[in-house]
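K.L.:
The sequence and its predicted three-dimensional model are supplied below.
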Amino acid sequence: MAMNSKTLRDNRLVFYADLVRDVNRILREFLKLSNAKCAMLIDREGHMVTRQGVTRDIDVDTISALVAGSFAATKEMARVLGEDEFSVLFHQGKTDNIQLSLVGDRTLLTVIFDEATTLGAVRMYAAETAKRLAELFQKHEAEQRMNPHRAPPEDLSTGFVGSAKDKLDDLFGG
């Protein structure tokens, strides 16, 4: 069943500057407490919303697309096992690790960390951060319903989805 444009407009995830500012504040607090390298908020379609911490050596466009793809694949694994979905994913490397936490039902808290912290600290602080972010999003959505005539932010460029697809094609040789 195809969605009409009104349904898509009503369901799209909108981040205003004041919301992103509040998200960034929460992410900075998380980094300070957890000692992780970076924290990113990515929507489930693979769009980077915002990031804090050290990301200069990370291709954030590719990571964003892969995080969304990983979560989508894991959702299907969960379904096969009789679960709705898994809310936290963890990948361990030789030096860097990544944890993905579902925030609400439309964004993913993505944390990259190394031996400077522990998985336990990241999990504990990420769980609290995800909860705080979900509460912030609920508050923001309630404010949107009360003030529906607020001017919408600028849309992402129309080529953004194509750009993400091109990144994945380049990465996987598609």
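P.N.:
Sure thing, it's come through. Note that the structure is predicted; figures quoted are calculated from it, not measured.
K.L.:
And Val23, how far from His47?
P.N.:
14 Å (C-beta to C-beta, to the nearest Å). Bear in mind the C-beta positions are built from the backbone N, C-alpha and C, glycine included.
K.L.:
what's the residue nearest the centre of the chain sitting at in phi/psi?
P.N.:
Nearest residue to the geometric centre of the chain (C-alpha atoms, centre = their mean): Ile42, 2.4 Å. The phi/psi pair for Ile42 (degrees, to the nearest 10) reads phi -130, psi 140.
K.L.:
distance between stretch 75-83 and the chain's centre?
P.N.:
When distances are taken as C-alpha atoms, centre = their mean, to the nearest Å, stretch 75-83 is centred 20 Å away from the chain's centroid.
K.L.:
contacts for it?
P.N.:
Asp84, Glu85, Phe86 (C-beta atoms under 8 Å, 6 or more residues apart in numbering).
K.L.:
from these, which is closest to Leu33?
P.N.:
Phe86 (23.9 Å; C-beta to C-beta).
K.L.:
what about the closest residue to that closest one other than its chain neighbours, distance to Ile112?
P.N.:
Of all residues not flanking Phe86 in the chain, Ala78 sits nearest, at 4.9 Å (C-beta to C-beta, 6 or more residues apart in numbering). Distance of Ala78 to Ile112, given as C-beta to C-beta: 23 Å.
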